[in-house]
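**Q** next one to model:
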Amino acid sequence: MAVYERTWRRYSGELTPLRWRWLVVTRYALADAFASRLFTAFYAICFLPSVVGLFFIYLSHNMSLLQQLGMPPDLMNVLTDKFFMILFSWQALPAFLVAVIVSPSLIAADLSNNALPLYLSRPIDRREYVIGKMAVLAILLSPMTWVMGLSIFILQAYFEGGGWGFENYRIGMAYVVGHITWIVVISMLTLAISAWVRFKPAARGALFAIIFILAGFSEAVNAVTRTSFGDLINLVRAINSVVMSLFGAPTPSGLPVSLNWFTLVAVTTLSIWLINRKLRPHEVVR
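**A** Residues are numbered from 1 along each chain as shown. Okay, here's the model as predicted:
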């Protein structure tokens with residue numbers, strides 16, 4: 001079509017309310033993620049630990065099948081806490097891998113192509129832009145973590161009956177609080193890396209370096225000083241200690257749980273500051 005044949009026409013469709021327009025950013029980012037069949041297949045595989053957990057709950061309440069397999073009839077009563085703690089870890093690991101795959105392109109692509117001013121020339125500000133990007137990770141990670149974990153806990157409480165759910169409420173609380181905390185921390189950290197490291201492989205490498213190299217460095221600090229102060233920079237140990245405390249189990253860190261919470265809050269706050277420093281185009285005030 002020639003340029004002179006193009007005429008301006010006012011948009012006549014339904015307008016999204018201003019308070020929900022950040023969801024447009026989320027919707028298109030999710031569409032880009034699931035455009036890859038390989039990622040879609042991997043995302044489906046990430047639900048395998050939860051499926052195994054559901055089968056285990058069914059198995060523990062099927063007496064005839066337990067007898068055929070030679071397992072004790074009170075299997076779930078013996079392994080309740082250990083089972084749910086192991087399941088938590090096996091849900092958190094795939095969620096971390098999904099974040100590593102998706103997050104490097106969320107902000108980096110917009111900055112590399114100078115697309116951020118186009119976003120902010122619309123009725124959306126920096127805060128809503130970041131919320132829209134963070135919602136991508138929240139929507140992707142929540143179903144495979146706390147949603148499935150809480151569903152398994154509720155199913156066990158239903159089968160067990162007799163007030164089991166009230167007696168073991170800490171398990172459900174650990175899944176909700178622990179997984180949501182993990183999602184918020186890892187989402188803000190990966191978005192900060194995406195904003196500052198635009199090359200995807202380098203961004204993924206930086207994320208692994210921050211988590212695992214700092215973990216090794218913290219162990220060295222603990223060995224040299226013969227204290228546990230190195231755990232202040234060990235993100236993995238901090239989240240493990242917080243989760244174990246929610247389960248009511250011994251924590252792997254030698255520091256008080258309050259200091260482990262401080263580590264998580266500090267990482268999240270620093271990530272927000274880094275994102276704010278990087279996202280500084282001109283905004284249109286509405």
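**Q** elements contacting the helix or strand where residue 194 lies?
**A** Here residue 194 sits within helix 179-196, counting by DSSP states H and E. Judged by 3 or more CB pairs under 8 Å, 6 or more residues apart in numbering; DSSP states H and E, the packing partners of helix 179-196 are helix 75-102, helix 104-112, helix 126-141, helix 200-208, helix 235-247, helix 257-278. All C-beta spots, glycine's among them, are computed from the backbone N, C-alpha and C.
**Q** ok, now with 6 Å
**A** helix 75-102, helix 104-112, helix 126-141, helix 200-208, helix 257-278 (3 or more CB pairs under 6 Å, 6 or more residues apart in numbering; DSSP states H and E).
**Q** which one of the ones you listed lies nearest to residue 24?
**A** helix 126-141 (7.3 Å; CB to CB).
**Q** just checking, what packs against the very next helix or strand once past the closest one?
**A** Sequence-wise, the next helix or strand downstream of helix 126-141 (DSSP H and E) is helix 148-160. If you count contacts as 3+ CB pairs under 6 Å, 6+ apart, helix 148-160 packs onto helix 48-60, helix 169-173.
**Q** now do 8 Å
**A** Under the contact rule (3+ CB pairs under 8 Å, 6+ apart), helix 148-160 is packed against helix 48-60, helix 75-102, helix 164-167, helix 169-173.
**Q** buried residues, the first one. List them.
**A** Read that as helix 48-60. 49-50, 53-54, 56-57, 60 (16 or more other CB atoms under 10 Å).
**Q** got the buried residues for the helix holding residue 194?
**A** 179, 181-196.
**Q** again with stretch 153-170
**A** 153, 156-157, 160, 164-165, 168, 170.
**Q** and stretch 242-252, what's its mean pLDDT?
**A** For stretch 242-252, mean pLDDT rounds to 90.
**Q** and it, how far apart are its ends?
**A** Chord length of stretch 242-252, first to last residue, is 10 Å (CA to CA, to the nearest Å).
**Q** by mean pLDDT, which helix or strand of the chain comes out lowest?
**A** helix 63-69 (a mean of 68; mean pLDDT, DSSP states H and E).
**Q** low-scoring pLDDT stretches of the stretch 151-286 of the chain, where are they?
**A** 281-286 (pLDDT under 70).
**Q** which residues touch stretch 151-169?
**A** 50, 53-54, 57, 60-61, 76, 80, 84, 87, 171-172, 175 (CB atoms under 8 Å, 6 or more residues apart in numbering).
**Q** at 10 Å instead, please
**A** Stretch 151-169 is touched from outside by 50-51, 53-54, 56-58, 60-62, 76-77, 80-81, 83-84, 87, 91, 143, 146, 171-176, 247-248, with contacts defined as CB atoms under 10 Å, 6 or more residues apart in numbering.
**Q** just the buried ones from those residues?
**A** The buried subset of these (16+ other CB under 10 Å) comprises 50, 53-54, 56-57, 60-61, 76, 80, 83-84, 87, 91, 146, 171-172, 174-176, 247.
**Q** now the most centrally placed residue in the chain: how far from residue 272?
**A** Nearest to the centroid of the C-alpha atoms of the chain, with distances taken as CA atoms, centre = their mean, sits residue 183, at 2.7 Å. Distance, residue 183 to residue 272, by CB to CB, to the nearest Å: 15 Å.
**Q** returning to that earlier point: any chance of the helices and strands packed on helix 148-160 in JSON lines, with distance to residue 264 too?
**A** Below are the helices and strands packed on helix 148-160 laid out as JSON lines (distance: least, CB to CB, whole Å):
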{"stretch": "helix 48-60", "distance to residue 264": "23"}
{"stretch": "helix 75-102", "distance to residue 264": "14"}
{"stretch": "helix 164-167", "distance to residue 264": "28"}
{"stretch": "helix 169-173", "distance to residue 264": "17"}
